[in-house]
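Trainee: predicted coordinates and the sequence they were generated for:
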Amino acid sequence: MAKYSRLDVLNAVVADGFIPIFYQRDVETTKQIVAACAAGGIRLIEFTNRGDFAQRVFAEVAEYFAEHDPRVILGVGSIVDAPTAALYIASGANFIVGPILNPEIARLCNRRKIAYFPGCSSLGEISQAEELGAEIVKVFPGESVGGPDFIKAILGPCPWTRVLVTGGVAANPDSIKEWFKAGVTAVGIGSALIRKEWIEAGNYAAITAEASQIMSLVQKARML
């Protein structure tokens, strides 16, 4: 069961503006990555459902942080069907992210008061997602569907739309500033933060430093 309500999660996304995204099949390594992000000031973290037995890894990590650092708000990404979403919700997921929009997931999350960020790549999909109750939609893949110009275009007729963008966000000032200037609510960054070479070297301090730097860049970009 989720520790944080949908309102808590949505407010955290709006306040923080940044979600790290990663998958790791080893439980202890996953704990280290989450702890490194948290040490850098990150509250929201998305664990992607990609590998075999990913749900088992997530469940153990979620249970660990519920006890050892309850400030961490863990969610799960790459969810495309309602049964998988339900499995992760039962394992403690505080939010569900998908690469696509699935009405069944939306209804499930609404029933359980879980935040759902469905993947959308057109104004029609965004509109449908909002009709189904999505407060924040995920534009994915951000760069491929039109980049910051796409965000500007959809917010023209629909200024109430809140967007989490992933895919095409670089961990540098220019990229982050451009996306927020276009009007996004939050950005998601994966391998540019959770770098393979850092994990292999056990250099979790580098992840902490980069996480803190990205958070600083996001906050500065939002003040422009």
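Mentor: Noted; the coordinates are in hand. Numbers count the residues shown, from 1 in each chain.

Trainee: ranges for the strands of the protein?
Mentor: Assigned strands in the chain, in chain order: 18-22, 44-48, 73-77, 95-97, 115-117, 119-120, 137-139, 163-166, 186-189 (criterion: DSSP state E).

Trainee: of these, which stretch is the most buried?
Mentor: Ranked by mean neighbour count under mean count of other Cβ atoms under 10 Å, the strands of the chain are led by strand 115-117, which reaches a mean of 30. Quick note: C-beta positions are derived from backbone N, CA and C, even for glycine.

Trainee: does residue 153 touch residue 146 like I think?
Mentor: Yes: using Cβ atoms under 8 Å, residue 153 makes contact with residue 146 at a distance of 7.2 Å.

Trainee: residue 180 and residue 33, how far apart?
Mentor: Per Cβ to Cβ, to the nearest Å, residue 180 is found 25 Å from residue 33.

Trainee: now the longest helix seen in the chain: buried residues?
Mentor: The single longest helix within the chain, with elements called by DSSP state H, is helix 204-222. Neighbour-count burial for helix 204-222, with 16 or more other Cβ atoms under 10 Å as criterion, is recorded at 204, 206, 207, 208, 210, 211, 214, 215, 217, 218, 221.

Trainee: over to stretch 35-44?
Mentor: 35, 36, 37, 38, 39, 40, 42, 43, 44.

Trainee: likewise for stretch 158-171?
Mentor: By neighbour count on 16+ other Cβ under 10 Å, the buried set for stretch 158-171 is 161, 162, 163, 164, 165, 166, 167, 168, 169, 171.

Trainee: dump the residue contacts of residue 52.
Mentor: residue 25 (Cβ atoms under 8 Å, 6 or more residues apart in numbering).

Trainee: how much space is there between residue 96 and residue 209?
Mentor: If you measure residue 96 against residue 209 using Cβ to Cβ, the figure is 30 Å.

Trainee: what do you get for residue 163?
Mentor: Distance, residue 163 to residue 209, by Cβ to Cβ: 28 Å.

Trainee: can you give me the helices in the chain?
Mentor: Secondary structure of the chain by DSSP H: the helices cover 6-16, 27-39, 54-68, 82-90, 103-112, 123-131, 147-155, 173-182, 196-201, 204-222.

Trainee: need those in TSV with mean pLDDT and distance to residue 75, can you?
Mentor: Formatted as TSV, the helices of the chain follow (pLDDT from 0 to 100; distance: least, Cβ to Cβ, whole Å):
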stretch	mean pLDDT	distance to residue 75
helix 6-16	98	7
helix 27-39	98	12
helix 54-68	97	10
helix 82-90	98	8
helix 103-112	98	11
helix 123-131	97	17
helix 147-155	97	22
helix 173-182	97	20
helix 196-201	98	20
helix 204-222	97	16
